[in-house]
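Asks: pasting a predicted model and its sequence here:
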Amino acid sequence: MEVHREQIDKLSENTRLLRALAEQLKIPLLQIARQTELPKTTEYMLQDVNEQASMALRLLDGYLLSTQQISRGDLELQPTTVSSVLYDAAHNLAGIAKQYSCDLELETPYKLQPVLVHRESFEAAILALGYSFIEAQATQDDNQKKVITLAAHRSRYGVAAGVYGRQEGLSTDMYRRARSLYGRARQPLPSLTSTSGAGIFLADSLLEVMNTRLHVSHHHKLNGLAAILLSSRQLSLI
Amino acid sequence: MNILLIEPHQLLASTYKQALEGADHSVAWCQKAQKALHLADNHVPDLVIMELQLQQHNGIAFLHEFRSYAEWQAIPVIVHSLVPFNHYRADKKNLESLGIVAYLYKPVTSIKRLLDAVDQISTSDLRAVA
């Protein structure tokens, strides 16, 4: 047992992420496999299968992007408008959100300064994070309306951009513990989701290459995870 | 049969529910352990099909609680989980004592295999962990 634990401890971050992702991807693949077994396949069901497959592919793409960026090292950060990234991510999440009967909202303040990010990685991070929140929201109380908010706001250290919802129990301690557990435990965030929560850790990995990480954050009365991004001074002077 | 389906994944639950109802079973579905106790209290099921990985709850702990009520002790339970049985092999006796009649690993269990397992329970007194 001790030897086994030591072996697991030696797994690189990357392998841990891959393990979490493998656990996560079982669900959409299983959903696709079982849905095709049902005797009557409607157009609506085919749309479901399509959305599930597309989201699984996006998560895989996000993982590949994070590994490519880690091995490349010299990531070129560009001034980027946060609202445009959140808008694009929301557009790509719309199908899966509809499947889970979850409403998507966008909230960015007027005239928010551009931030320095690698746009592709940032969008992939928001997408992966959004997917995790949609899935987690689906297990919340049935009587409450399910809403996920992609939002940004100015903070003391820059611009906080992330995904927010009404879920309770999302604390800094819990998230810190989950970070040390993912890839090792099947449910590193048990109070948030019954899955491996791979989307959250994938987002964190994509952001880490840009020298930022996910933090527990609050946006009005909502709880969520967000990254603090540096404002682009160059563009704000224009 | 009246089936209580405890499945945390909404879309998977919808697929399994559709398949079971298509085979003339009546299905009550919930995502959480607490709600499962409430549903079972309102309408005693003939069979429970459940995932062990539940949000905020360990499935085994739920089963211990479920079995602590006299009226639910004889209800057969099929575990239908994303966790392979190997993970619980050391706990085999514990699982047997909880009245688990079949352990089906979701990724390799077709709808047909699930329906066969349900049919088997409705026609026999199978009482062994697969």
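Replies: In hand now; what should we look at?

Asks: okay, helices next: where are they in chain B?
Replies: B:10-22, B:33-42, B:59-67, B:92-97, B:111-123 (DSSP state H).

Asks: which of those has the lowest mean pLDDT?
Replies: Ranked on mean pLDDT, the bottom entry among the helices of chain B is helix B:92-97, at a mean of 80.

Asks: ok now it, how far from the chain's centre?
Replies: Centre-to-centre, helix B:92-97 and its host chain are 15 Å apart (Cα atoms, centre = their mean, to the nearest Å).

Asks: and for stretch A:195-203?
Replies: With Cα atoms, centre = their mean, you get 6 Å for stretch A:195-203.

Asks: can I get that stretch in PDB? Just the C-alpha atoms.
Replies: Only the C-alpha atoms of stretch A:195-203 are listed here, as PDB (Å, rounded to 0.1, in the frame of the first residue of the first chain):
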ATOM      1  CA  THR A 195     -17.000  13.900 -11.100                       C
ATOM      2  CA  SER A 196     -13.200  14.400 -11.200                       C
ATOM      3  CA  GLY A 197     -13.800  18.100 -12.000                       C
ATOM      4  CA  ALA A 198     -11.200  17.900 -14.700                       C
ATOM      5  CA  GLY A 199     -12.400  21.100 -16.400                       C
ATOM      6  CA  ILE A 200     -11.400  23.100 -13.300                       C
ATOM      7  CA  PHE A 201      -7.900  21.700 -13.100                       C
ATOM      8  CA  LEU A 202      -7.500  21.900 -16.900                       C
ATOM      9  CA  ALA A 203      -8.400  25.600 -16.700                       C
END
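
Asks: contacts for it, please.
Replies: A:16-17, A:19-21, A:23-25, A:27, A:59, A:62-63, A:66, A:124-126, A:128-132, A:135-136, A:178-179, A:182-183, A:186-189, A:214, A:225, B:9, B:53 (Cβ atoms under 8 Å, 6 or more residues apart in numbering or on different chains). Heads up, the C-betas are built off the backbone N, CA and C, glycines and all.

Asks: before we move on, what about stretch A:89-97?
Replies: By Cβ under 8 Å, 6+ apart, the list of residues contacting stretch A:89-97 reads A:47, A:50-52, A:54-55, A:58, A:103-104, A:106, A:123, A:126-127, A:130-131, A:134, A:148, A:150.

Asks: if we go to 6 Å?
Replies: A:51, A:55, A:104, A:106, A:123, A:126-127, A:130, A:134, A:150 (Cβ atoms under 6 Å, 6 or more residues apart in numbering or on different chains).

Asks: again with stretch A:12-29
Replies: Contacts of stretch A:12-29 (Cβ under 6 Å, 6+ apart): A:52, A:56, A:63, A:182-183, A:195-196, A:198, A:201, A:205, B:9, B:82, B:107.

Asks: lowest pLDDT pick from those residues?
Replies: residue A:183 (82).

Asks: how close does that one sit to chain B?
Replies: Distance of residue A:183 to chain B, computed by Cβ to the nearest Cβ, to the nearest Å: 16 Å.

Asks: contact partners for that residue?
Replies: A:16, A:19-20.

Asks: again, but for residue A:227
Replies: Contacts of residue A:227 (Cβ under 6 Å, 6+ apart): A:207, A:212, A:214.

Asks: again, only using 7 Å
Replies: Contacts for residue A:227 were tallied using Cβ atoms under 7 Å, 6 or more residues apart in numbering or on different chains; they are A:161-162, A:207, A:212-214.
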